[in-house]
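Trainee: requesting a structural model of the entry that follows:
(one chain, ligands or ions: 1)
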Amino acid sequence: MEKSDFLVVGAGLAGLAFALEAARHGSVTILAKTTAEESNTRYAQGGIAAVMDPSDRPESHVQDTLVAGAGLCRREVVELCVKEGPDRLNELMALGVPFSRDTAGHLDLGREGGHSTRRVLHVKDRTGAAVVETLLPVVRAHPRIRLFENHIAVDLIHAAWLARRKDRVPPVPNEVHGAYVLDRRTGRVKVFAARVVVLCTGGAGKVYLYTSNPDIASGDGIAMAWRAGVRIANMEFIQFHPTCLYHPQAKNFLITEAMRGEGGVLRRADGGTFMERYDPRRELAPRDVVARAIDAELKRTGEECVFLDMTHHPRAFLSSRFPTVYERCASLGIDIAAQPIPVVPAAHYCCGGVDVDLFGESSIRGLYAVGETSCTGLHGANRLASNSLLEAVVFARRAAVSGAERIREMDLRTDLPAWDPGGAVDADEQVLITQTWDEIRRCMWSYVGIVRTNRRLERARHRVDLLNDEIQEYYWDTRLTADLVELRNLATVAGLVVESALRRQESRGLHWTADFPRTDERFLHDTVLERRL
Ligand code: SIN
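Mentor: Purely as a prediction, here's the structure:
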């Protein structure tokens, strides 16, 4: 059994920032399911939105966030993120994150869709990677932080589950005590006991066939929390990024929105523009608007992609401001200084997640969620560009402050039962996993995508329920592997997205259904799902 005050599941910005703050108060264990370098954060190109320029105003950032969120943001959360963001950004700079600056040494603030001004701090177009490269060595060297790579959390250990094992009614309030964790190298499931557990597992983009997310984004934290009876909110709001690279050899490659901020123009294959017909803000409309416009154009023309034209910029500007995109495209034979970039929308960000309070604590005491895994109320029905890393860094601090109190109140349970593998045998047919994984992702893409209908959602519910039943059966008969853990989580999250989408019988923000094309004030509330234990 491994023991610590804080158990952090996930090593992206949320996990690393939480760990550094929490380590001031107690011992910290971080789990990374592959290497610590691999997280959703690493792929964040755009940057972190914050009011750092004297000509910008906090009210303006608040207003832009509320407008994008289409009535569902929690104003209190928006205000605190905008207020606390600059301090957190200054701390990142003090740790050494090299945010881009102009020749006079001022921060080079980028612009993205939905923002009324330039306010996005960035490190060229590799912001997330630069943040991880800065924080990770500090974490690795910290005497109170232990990092376990290749360890994937399987399930939470919590009071209600412990009580049920002994046929007792779950105690109230419910508390978390740790997690079962699979060591991928040995195949053994270990107990990690902790006073506080923090889910920082990122999003669930892999639930869709096409996504900007890396393979690890299988919604593990949300699925574990759901199984533990935690409240989950707003899962219907899946953000589709309008511009992912369309190329047979390009898997999950984002074309940053900052390019549209620098005047990028969307064109059809015939060279004609189209955004002017959809929104007066054209390419800088919020993402839901741009993604739907592209989807509509593709359906109308039967083309496979549209194009983002950056050719009005000199090559030197493109290669220095957007080196990641420039080089990746060049490696595939696309010269972005000379030709428009083929792009399509793809699943990018999950605005819903574990329903948490102003300190990131969930409906189970001592269980926190930070970053994309959580639903704080900042994003409402649609996240404003570059507000995600802002939320991660603001809530990492808030959760650590609250968690420091919890570790004084909560016991470290050392009597937790060992993992019971039952009669599970080794999986002999990997195809059952790969095929099911593929079925879920195709089903979600076809029926629960940018434009939805009741009929498609009902069909998705039927399919996903069947797949969930099959996975359940297979899961208990088979010795655990990381693929099986992820598949089970992915199917759980797919079910939550479908169920939430069916409940919202209106169109709002990222949830657009042809059956209810208008916004309906009766649905001006979160969609909250809770599993009875
Ligand atoms: C991007 O660079 O377009 C992604 C940034 C974000 O998702 O906020």
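Trainee: wait, is residue 484 part of a helix?
Mentor: Yes. Residue 484 forms part of a helix when assessed by DSSP: H, G, I helix; E, B strand; the rest coil.
Trainee: you'd agree it is up against residue 429?
Mentor: No. Using CB atoms under 8 Å, residue 484 is not in contact with residue 429; the gap is 11.6 Å. All C-beta atoms are positioned from the backbone trio N, CA, C, and that covers glycine.
Trainee: which one's more surrounded, the two?
Mentor: residue 484 (21 against 10; other CB atoms under 10 Å).
Trainee: and this protein, which residues reach the ligand?
Mentor: 44, 45, 46, 254, 256, 257, 258, 349, 385, 386, 388 (CB under 6 Å from any ligand atom).
Trainee: can you list those in CSV and add pLDDT and secondary structure?
Mentor: Shown next, in CSV, are these (pLDDT from 0 to 100; DSSP: H, G, I helix; E, B strand; the rest coil):
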residue, pLDDT, secondary structure
44, 93, coil
45, 93, coil
46, 92, coil
254, 95, strand
256, 96, coil
257, 94, coil
258, 95, helix
349, 98, strand
385, 95, coil
386, 97, coil
388, 98, helix
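Trainee: these: which two are farthest apart?
Mentor: For these, the farthest-apart pair by CB to CB is 258 and 349; their separation is 15.6 Å.
Trainee: what segments of the protein are helices?
Mentor: Using DSSP state H, the helices of the chain run over 13-22, 58-68, 75-95, 127-141, 159-165, 220-227, 258-261, 287-301, 315-321, 323-331, 388-409, 430-447, 454-477, 482-503.
Trainee: which stretch in these has the least confidence?
Mentor: Mean pLDDT values for those show the minimum at helix 159-165, a mean of 87.
Trainee: now residue 144: how far from the ligand?
Mentor: Distance, residue 144 to the ligand, by CB to the nearest ligand atom, to the nearest Å: 32 Å.
Trainee: and that residue, what does it touch?
Mentor: Shown in contact with residue 144 (CB atoms under 8 Å, 6 or more residues apart in numbering): 23, 26, 27, 28.
Trainee: please redo it, this time with the cut-off set to 7 Å
Mentor: Each residue near residue 144 by CB atoms under 7 Å, 6 or more residues apart in numbering is listed here: 23, 27, 28.
Trainee: got the contact list for the closest residue to residue 400 other than its chain neighbours?
Mentor: Closest residue to residue 400 apart from its sequence neighbours, by CB to CB, 6 or more residues apart in numbering: residue 21 at 3.6 Å. Residues in contact with residue 21 (CB under 7 Å, 6+ apart) are 396, 397, 400.
Trainee: so how many other residues sit close to the last one?
Mentor: As a burial measure, the neighbour count of residue 400 was computed by other CB under 10 Å and equals 28.
Trainee: that one: what's it in contact with?
Mentor: By CB under 7 Å, 6+ apart, residue 400 lies in contact with 18, 21, 22.
Trainee: tell me the one of those residues nearest the ligand?
Mentor: Checking the contacts of residue 400 against the ligand by CB to the nearest ligand atom gives residue 18 as the nearest, at 19.9 Å.
Trainee: what's the neighbour count on that closest one?
Mentor: Considering only other CB under 10 Å, residue 18 is surrounded by 31 other residues.
Trainee: and for residue 401?
Mentor: Other residues close to residue 401 by other CB under 10 Å number 15.
Trainee: what sits against whichever residue of the chain sits closest to the ligand?
Mentor: The chain approaches the ligand most closely through residue 46 (2.7 Å), counting by CB to the nearest ligand atom. By CB under 7 Å, 6+ apart, the contact set of residue 46 is 110, 112, 120, 122, 127, 256, 257, 258, 385, 386.
Trainee: who's the first one bridged to?
Mentor: Right, the one you point to is residue 110. Bridge pairing for residue 110 (DSSP bridges) gives the partners residue 120.
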